[in-house]
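> Got a predicted structure plus its sequence, pasted below:
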Amino acid sequence: MVDRARGTRLGEFLRGRRAAVRPEDVGVLWHGERRVPGLRREELAMLAGVSLTYYTRLEQGHSTNASESVIDAVATALGLDDDERAHLHDLARPARAKRRPPERPAVARPGTRQLVDAMTDVPALVLGPRTEVLAWNALGHQLYAGHLDRDAPDRIADRPNLTAMLFLDPHHRDLHRCWRTEATRAVASLRLVAGRAADDRALTELIGELVVRSPEFASLWAQHPVATCVSGTKHLRHPVVGDLDLQFEALHVAGPSGQRVLALSAAPGSPSEAALSLLRATAHVRPSTGDRSFRT
């Protein structure tokens with residue numbers, strides 16, 4: 001039985017990437033007017049070495065047994081990068097569904113929480129697979145969400161979600177000097193997760209809520225960006241210490257939980273390191289904000 005929702009996502013992804021390819025860049029010659037941007041279906045089918053009928057069924061989400069070689073051929077014809085290619089495989093050849101146990105709220109392992117708390121010199125957070133905050137150390141809390149209760153991650157109903165905050169929380173949005181870049185990066189990462197976990201009800205609810213409540217998220221989501229975001233630079237403007245440029249690393253926690261530790265650091269001797277040191281001092285003297293929380 002074809003998963004209609006997954007088939008729809010596959011079609012959206014293929015059509016979007018096909019529209020982005022200029023015929024002249026892939027050696028396709030054409031004359032006269034073109035009614036649609038990018039490659040036509042028949043042109044992509046020719047480049048991939050498959051029949052038009054077969055490719056059409058794939059783009060319409062009606063083919064559930066496409067071989068890896070065919071998917072790779074389509075990915076090559078579209079010029080996909082490694083992340084996009086992996087995402088196409090996830091959508092076109094989903095893993096066989098398994099009986100899922102009842103969903104339970106994710107929690108950070110005690111050892112992971114202890115490790116993050118011990119990282120007193122750098123901001124650190126424990127994130128679930130849907131970017132929900134499971135724990136943060138004092139500096140991580142003060143950097144990302146000093147306006148929220150320090151204990152909010154421990155309460156399921158109040159648990160912050162970094163992607164939701166990026167689009168729906170004005171305080172968190174203002175934290176990012178390059179908001180558009182950060183927003184695109186967040187959506188691209190969430191797209192990868194969604195491609196691998198199409199039956200995750202909580203993830204589907206999060207995406208649905210963001211599409212409804214944030215036109216900017218809806219627009220980015222429709223563009224179908226895909227990327228693995230495990231390291232890079234965050235350009236921040238903190239209300240207490242000003243501008244910081246921090247390098248981040250997302251370190252995956254061993255096991256099937258999909259959790260990761262997000263840690264940020266500043267270059268030695270930089271103004272950002274001085275600002276982070278100042279923030280560290282305030283993080284240790286400021287009390288928890290008590291009853292304030294952010295809910296999606």
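Arrived safely. Residues are numbered from 1 along each chain as shown.
> which sections of the stretch 151-296 of the chain are below the confidence cut-off?
For the stretch 151-296 of the chain, the stretches with pLDDT under 70 are 284-296.
> Okay, helices next: where are they in it?
162-168, 170-175, 179-196, 201-213, 215-223, 271-285 (DSSP state H, counting those that start in this stretch).
> any idea which of those helices is most buried?
helix 162-168 (a mean of 21; mean count of other Cβ atoms under 10 Å). Every residue, glycine included, has its C-beta placed from N, CA and C.
> check contacts around Ala108.
Each residue near Ala108 by Cβ atoms under 8 Å, 6 or more residues apart in numbering is listed here: 116, 126, 134-135, 259.
> quick one: secondary structure of it?
What DSSP: H, G, I helix; E, B strand; the rest coil gives for Ala108 is coil.
> how near is it to Ser189?
For Ala108, the distance to Ser189 equals 19 Å [Cβ to Cβ, to the nearest Å].
> now swap in Ala106 and tell me
Ala106 is 17 Å from Ser189, by Cβ to Cβ.
> What separation is there between Asp149 and Asp158?
Distance from Asp149 to Asp158, by Cβ to Cβ: 7 Å.
> nope, His252 is what I meant
Distance from His252 to Asp158, by Cβ to Cβ: 26 Å.
> Looking at these two, which one has more neighbours?
Asp158 (16 against 11; other Cβ atoms under 10 Å).
> can I assume the more buried one is in contact with Arg150?
No - Asp158 lies out of contact with Arg150 (Cβ atoms under 8 Å); the separation is 11.3 Å.
> Run the chain-centre distance for stretch 269-289.
Relative to the centre of its chain, stretch 269-289 is centred 28 Å away, using Cα atoms, centre = their mean, to the nearest Å.
> Over to stretch 81-95?
That offset, for stretch 81-95, works out to 15 Å (Cα atoms, centre = their mean).
> Please spell out which residues along it are buried.
By neighbour count with 16 or more other Cβ atoms under 10 Å, stretch 81-95 contains the buried residues 83-92, 94.
> Now Pro153: closest residue in space that isn't a chain neighbour?
Excluding the flanking residues, the one nearest Pro153 by Cβ to Cβ, 6 or more residues apart in numbering is Val133, at 4.7 Å.
> what residues are up against the one you found?
By Cβ under 8 Å, 6+ apart, the neighbours of Val133 are 125-127, 145, 152-153, 159-162.
> closest to Arg213 among these?
Asn161 (12.5 Å; Cβ to Cβ).
> what residues are up against the nearest residue to Gly140 once chain neighbours are set aside?
Distance criterion Cβ to Cβ, 6+ apart; nearest residue to Gly140, sequence neighbours excluded, is Pro123 at 4.0 Å. By Cβ under 8 Å, 6+ apart, the contact set of Pro123 is 136-137, 139-140, 142-144, 246, 263-264, 276.
> Check Ala283 too.
138-139, 141-142.
> Could you say which of these is surrounded by the most neighbours?
Comparing these by number of neighbours (other Cβ under 10 Å), His141 comes first, having 26 neighbours.
> Wait, that one touches His147, no?
No - using Cβ under 8 Å, His141 is not in contact with His147, being 10.2 Å away.
> The top strand by length along the chain pairs with which strands?
Ordering each strand of the chain by length in residues (DSSP state E) puts strand 242-252 first. If you go by DSSP bridges, strand 242-252 pairs up with strand 231-238 (antiparallel), strand 260-265 (antiparallel).
> Once you drop chain neighbours, what's closest to the residue nearest in space to the middle of the chain?
The chain has Ser189 as the residue nearest its centroid, 2.2 Å off, counting by Cα atoms, centre = their mean. Closest residue to Ser189 apart from its sequence neighbours, by Cβ to Cβ, 6+ apart: Cys229 at 4.5 Å.
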